[in-house]
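1. what's the 3D shape of this:
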Amino acid sequence: MADPIDPPSAPPEPPPTVVCDDLHVVYRVIGNTGAGSAASAVRRLLRRQSTGQVFRRVHAVRGVSMVAREGDAIALIGRNGSGKSTLLRAIAGLLPAESGAVYTSGRPSLLGVNAALMRDLPGEDNILLGCMAMGLSREEAKARRDWIVEFADLGDFIDFPMNTYSSGMAARLRFAIAASTSHEILMIDEALATGDAEFRRRSEQRIMELREEAGTVFLVSHSLGVVRLTCNRAIWLEKGRVVMDGEANAVVDAYEAVYDPEVEKQERRRRRERRRRERLAAEEAARKVAEEARADREADAAGSDAAPL
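-> Have a look, this model is predicted:
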């Protein structure tokens, strides 16, 4: 009697690169006990009035447990304030855990943080600085220089100080520096939202190449189309908790069933417009306070000149 044929064994899972074990992150922010607008806050600040400040605890990440493996491209999706960026910063070691733990097999590279660029230096020097901050040698940084300049599409601006760059140009340079070499763990926070369609296409292609080089990529993005194209897995966060963790298309489908993307876009536009109005109100309040202070000084000076000797 012939021996039974054993069923083929499943291929071994790739080794883990990041493990979060019941991770909680709590940070403290300065709050205000009194009500008021941004304009009234500026008046209190300029007039050195008491602001009634208190420290508030924000429980941003609540009991997140997950395992990331080599070759994973994991999207973190969710509404603003859901804890996506906080989770990335905790994995990068930039925020301490209140409880639980994060374990990594290498040094995570958080886009825009590890590439520690200096605004007063030209882009050329910042390429060298950013590459060396990621652990590359001077020779390795110089070898990647042309690729970075071409990918970031900065043209002649590469010789200008970064404080002359737009926010989009600076973001493209940071992405190009971070993507110029393979990372065991690369984390990208909204970088693909910057730039034109051609830059986004090249960025998406580079993320897929990094996956193929056996790295692990984390991506925070509100662009669910980018998530579908570049990620094999997605984690949906809500108020710091994991709602769903699984195959990217399935998680995005579930998320869109709850939150209409068009409604999300409208809400973000309304938030931007509200912040713009608050900023303009604060600037106007500051201008009025400055004018009042100048008028008081002029009145004091006039009174001093008119006083008898």
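
2. Please count neighbours and contacts with C-alpha atoms only from this point.
-> Fine.

3. just the strands in the stretch 1-150 of the chain please.
-> For the stretch 1-150 of the chain, strands defined by DSSP state E, counting those that start in this stretch occupy the ranges 16-32, 53-69, 73-77, 99-104, 109-110.

4. Rebuild the ones you listed as JSON lines, extending it with mean neighbour count and distance to Ile185.
-> Below are the strands of the stretch 1-150 of the chain laid out as JSON lines (neighbours: other CA atoms under 10 Å; distance: least, CA to CA, whole Å):
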{"stretch": "strand 16-32", "mean neighbour count": "17", "distance to Ile185": "7"}
{"stretch": "strand 53-69", "mean neighbour count": "16", "distance to Ile185": "10"}
{"stretch": "strand 73-77", "mean neighbour count": "27", "distance to Ile185": "10"}
{"stretch": "strand 99-104", "mean neighbour count": "16", "distance to Ile185": "9"}
{"stretch": "strand 109-110", "mean neighbour count": "22", "distance to Ile185": "6"}
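
5. Out of those, which is closest to Leu88?
-> Proximity to Leu88 (CA to CA) singles out strand 109-110 among these, at 7.5 Å.

6. Tyr27 reaches Arg57, doesn't it?
-> Yes: counting by CA atoms under 8 Å, Arg57 is a contact partner of Tyr27 at 5.8 Å.

7. Work out which residue lies at the spatial centre of this structure.
-> Asp189 (3.7 Å; CA atoms, centre = their mean).

8. Bridge partners for that residue, pull those for me.
-> Val220 (DSSP bridges).

9. How about stretch 199-207, which residues are buried there?
-> Neighbour-count burial for stretch 199-207 flags Phe199, Arg200, Ser203, Glu204, Arg206, Ile207 (criterion: 16 or more other CA atoms under 10 Å).

10. out of those residues, which are inside helices?
-> Mapping the buried residues of stretch 199-207 onto helices (DSSP state H) picks out Phe199, Arg200, Ser203, Glu204, Arg206, Ile207.

11. mean pLDDT for the strands of the stretch 1-150 of the chain: which is lowest?
-> Note on the strands of the stretch 1-150 of the chain: strand 109-110 shows the lowest mean pLDDT, a mean of 80.

12. Could you check the pLDDT of the nearest residue to Leu229 once chain neighbours are set aside?
-> The spatial neighbour of Leu229 that comes closest, neighbours along the chain excluded (CA to CA, 6 or more residues apart in numbering), is Glu204 at 7.6 Å. Here the pLDDT value assigned to Glu204 is 81.

13. I'd like to know how far Glu204 sits from Arg28.
-> According to CA to CA, to the nearest Å, Glu204 and Arg28 sit 35 Å apart.

14. Met244 now?
-> Distance of Met244 to Arg28, given as CA to CA: 27 Å.

15. Pro122: which of the ones in helices among the buried residues of stretch 199-207 is nearest?
-> For these, the nearest to Pro122 is Phe199 (21.5 Å; CA to CA).

16. Same list (the ones in helices among the buried residues of stretch 199-207) but as a markdown table, adding distance to Pro108.
-> Converted to a markdown table, these look like this (distance: CA to CA, whole Å):
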| residue | distance to Pro108 |
| --- | --- |
| Phe199 | 24 |
| Arg200 | 23 |
| Ser203 | 19 |
| Glu204 | 20 |
| Arg206 | 18 |
| Ile207 | 15 |
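
17. This completes my enquiry, with thanks.
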